[in-house]
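> Pasting the sequence and the predicted model now:
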Amino acid sequence: MSGWSTAFRGIAWRETLRFVNQRGRFLAALVRPLVWLFIFAAGFRAVLGLSITPPYQTYVLYEVYVTPGLCAMIQLFNGMQSSLTMVYDRETGAMRTLLVSPFPRWFLLGSKLVAGVIVSIIQVYAFLLIAWFWGIHPPLWGLVAVLPALVLSGLMLGAMGLFLSSAIRQLENFAGVMNFVIFPMFFASSALYPLWRMRESSILLYDICRFNPFTHAVELIRFALYLQVNWLSLGVVGGCLALFFGGAVLMYDPARGFGVRRKGG
Amino acid sequence: MTTPALLVQNVSHSFGATRALDDVSLSVPRGGFTALLGVNGAGKSTLFNLVTRLYANRSGLIEVAGHDLRRQPTEALRRLGVVFQSRALDADLTVRQNLMYHAALHGIARAEARSRIAEVLAQVDLADRAGARVSALSGGQVRRAEIARALIHAPELLLLDEATVGLDVKSRAEVLALTRRLIAEQQVSALWATHILDEIDPSDGLVILHRGRVLFTGTAGEAAAATGGDLTRAFLDLTGVQA
């Protein structure tokens, strides 16, 4: 059993080390949501009226509304960063070191996933700390209650990244993922505006947003931050996590020859 | 009779319609140096990917130190150390950090890993470069660090896939000599894939692989005997490759 925990700690340590070595990545991860909070939110606040929607019990500022969405955005981008790392590791050959380990692949991939989530949660709390000084004050216990929600949403988004990385053959294809997966997922969600606003514009878009797993990650975080549970979102996020992780394990199965480039020799 | 370090029996592998390996059988005895000789595209890397379980083996049998790779993958992989053709170390981490990571992937606890790292780095003459980033090492040093990585969990079989590719003559000779020394000192067995005939000694075990098929198994001396001791000529005659 200790061998398993050693392997997990080793994988988590490497992910953390990589993150620490790439200071620019930490900075980018923080700057992105802060730009939304400091600049976009200030602009949208003037044009976007918000009605009282659960879990809020009163009118809230746009900055307050958008904060859980930005937490989820950090995790979305972190998941994609992990995915990018996987593709890079596969291209450079570093991933083979991981895959020839005697531990089963589901465990290796799971460990990598959990390690990525730990890194994303550190980023989210750093963001929430800065947001606090910007006047975003969720209940103090909400900052504790949101942790399991962040773990679950981080796992789901990370698993999605893992699954996507198995389908991306080259690093150059990653731009396509940004354009066709990340941006639509982020904008077609409840991260930036409540879904009733979307319904006013287009029923079709509203339905797309409702079925978007990212919407449920956002709502799970939003409700947890205000000491409530959104059971539907919990179910969707849990289900999507199982689906994406199962798909990733299947795609990285040796039978598919994943993790290696085909080359003669 | 001792179990061989590696046993491959009737293994075939295809990529779509392309047959990369065709009914390959070979054996690597314990404590010996066996060269897997073949031109580029012969199927050496495919065979290595099957033995390391990067590809799933669907036909025949692969055993590492008596452990069936399909039925006991954990036991088999635990006994295997691999030096890949291209770099597998993280260039942004130091040599020691890379080795710590690899030790963890084999479930070796930190305290034990630290002493193993000191040991293997001394063996590959890199003790003074432990704190250096891999990106700061020379080509020869990187290969030696790769060998240290492959040895960290004390494997019984070392697979080296064209380990000297891209190295200058001096570094190539050093890496080869180091591998031979380690085999002699640690009783590790090695399967050394190469297309360079100069790297093979007459007493080495030899497997000639060509277009996915094994054309010869024995010692290099036996292969060369048919042509008056000229291994190059023997290889060209067997494979039909034009000089």
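Thanks, I have it. Numbering: from 1, shown residues only, chains lettered A, B, ... in the order given.
> tally of neighbours for residue B:79?
19 (other Cβ atoms under 10 Å in any protein chain shown). In this view, the C-beta of every residue, glycine as well, is placed from N, C-alpha and C.
> Check the one 10 residues further on too.
Neighbours of residue B:89 under the rule other Cβ under 10 Å: 27.
> just residue B:107 next, same as before
Neighbourhood size, residue B:107 [other Cβ under 10 Å]: 22.
> Contact partners for it?
Neighbouring residues of residue B:107 by Cβ atoms under 8 Å, 6 or more residues apart in numbering or on different chains: A:2, A:3, A:4, A:6, A:7, A:102, A:103.
> For those, give me a markdown table that also has neighbour count and pLDDT.
As requested, these are exported to a markdown table (neighbours: other Cβ atoms under 10 Å in any protein chain shown; pLDDT from 0 to 100):
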| residue | neighbour count | pLDDT |
| --- | --- | --- |
| A:2 | 8 | 74 |
| A:3 | 16 | 86 |
| A:4 | 13 | 90 |
| A:6 | 20 | 93 |
| A:7 | 23 | 93 |
| A:102 | 21 | 92 |
| A:103 | 22 | 92 |
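> For the residues you listed, name the two members farthest from one another.
A:2 and A:102 (14.3 Å; Cβ to Cβ).
> secondary structure element for residue B:206?
Using DSSP states H and E, residue B:206 sits within strand B:205-210.
> Cross-check the contact I'm expecting between residue B:22 and residue B:209.
No - Residue B:22 sits out of contact with residue B:209 when judged by Cβ atoms under 8 Å, with a separation of 10.0 Å.
> Who has more neighbours out of these two?
residue B:209 (25 against 15).
> mind listing the helices for the chain?
Using chain A here. A:2-21, A:23-35, A:41-47, A:62-92, A:95-99, A:105-133, A:140-167, A:174-177, A:183-187, A:195-201, A:203-211, A:213-225, A:231-251 (DSSP state H).
> look at chain B instead
B:44-51, B:73-78, B:95-105, B:110-123, B:139-151, B:169-186, B:220-225, B:231-239.
> where does the residue in chain B that chain A sits nearest to sit relative to residue A:101, distance-wise?
When distances are taken as Cβ to the nearest Cβ, chain B reaches nearest to chain A at residue B:104, 2.1 Å away. Relative to residue A:101, residue B:104 is positioned 9 Å away (Cβ to Cβ, to the nearest Å).
> what residues are up against whatever residue of chain A ends up closest to chain B?
Of all residues in chain A, residue A:10 sits closest to chain B, at 2.1 Å by Cβ to the nearest Cβ. Residue A:10 makes contacts with B:100, B:101, B:103, B:104, B:105, as judged by Cβ under 8 Å, 6+ apart.
> Show me which of those residues is closest to residue A:252.
After measuring the contacts of residue A:10 against residue A:252 - Cβ to Cβ - the closest member comes out as residue B:105, at 15.3 Å.
> how about the nearest residue to the residue of chain A closest to chain B, chain neighbours excluded?
residue B:104 (2.1 Å; Cβ to Cβ, 6 or more residues apart in numbering or on different chains).
> I'd assumed residue A:4 was in contact with the one you found.
No - applying Cβ under 8 Å as the test, residue B:104 and residue A:4 come out as separate, 10.7 Å apart.
> ok, back up a step: what about the residue of chain B closest to chain A, how many neighbours?
Neighbourhood size, residue B:104 [other Cβ under 10 Å]: 26.
> For the stretch 101-250 of chain A, list the residues in contact with chain B, please.
A:101, A:102, A:103, A:104, A:108 (Cβ under 8 Å from any Cβ of the partner chain).
> Pop out the phi and psi values for the fourth one.
Note on residue A:104: its backbone torsions stand at phi -60, psi 150 [degrees, to the nearest 10].
> just the contacts of residue B:107 now: which is nearest residue B:14?
Closest to residue B:14, out of all of these and judged by Cβ to Cβ, is residue A:102, at 26.9 Å.
> what bits of the stretch 101-250 of chain A have low per-residue confidence?
Nowhere does the stretch 101-250 of chain A drop to pLDDT under 70.
> could you dump the contacts of residue A:10 to TSV with pLDDT?
Below are the contacts of residue A:10 laid out as TSV (pLDDT from 0 to 100):
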residue	pLDDT
B:100	95
B:101	93
B:103	95
B:104	94
B:105	93
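> Now for those: which two are most distant?
B:100 and B:105 (9.9 Å).
> Give me the spatial nearest neighbour of residue 162, chain neighbours excluded.
Using chain A. residue A:248 (3.9 Å).
> other chain: chain B
residue B:85 is the one closest to residue B:162 (Cβ to Cβ, 6+ apart), at 4.7 Å.
> Relative to residue B:163, how far out is the one you found?
8 Å.
> Just want to know which of these two has more residues nearby.
residue B:163 (26 against 18).
> residues contacting the closest residue to that one other than its chain neighbours?
Nearest residue to residue B:163 in three dimensions, chain neighbours excluded: residue B:83, at 4.9 Å (Cβ to Cβ, 6+ apart). Shown here is residue B:83, whose contacts under the criterion Cβ under 8 Å, 6+ apart are B:143, B:146, B:147, B:149, B:150, B:158, B:159, B:160, B:161, B:163.
> Equivalent analysis for residue B:130, please.
B:94, B:95, B:96, B:117, B:118, B:121.
> residue ranges with poor pLDDT in chain B?
In chain B (pLDDT under 70), the answer is B:1, B:243.
> domain parsing for it?
Domains of chain B are assigned by automatic domain parsing as B:1-79+B:155-243, B:89-154.
> With distance to residue A:73 as new columns, can the ones you listed be given to me in JSON lines?
Listed next are the domains of chain B as JSON lines, based on distance: least, Cβ to Cβ, whole Å:
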{"stretch": "domain B:1-79+B:155-243", "distance to residue A:73": "35"}
{"stretch": "domain B:89-154", "distance to residue A:73": "26"}
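> Let me know which of the ones you listed is the nearest to residue A:54.
Once the domains of chain B are compared by Cβ to Cβ, domain B:89-154 is nearest, at 44.5 Å.
> Look at that closest one and report the distance between its end residues.
End-to-end distance for domain B:89-154: 18 Å, by Cα to Cα, to the nearest Å.
> likewise stretch A:128-141?
For stretch A:128-141, the end-to-end distance is 13 Å (Cα to Cα).
> If we go by neighbour counts, what in that stretch is buried?
A:128, A:131, A:136, A:138 (16 or more other Cβ atoms under 10 Å in any protein chain shown).
> The residues you listed: which two are farthest apart?
That would be A:131 and A:138, which, of these, are the farthest apart (Cβ to Cβ) at 9.0 Å.
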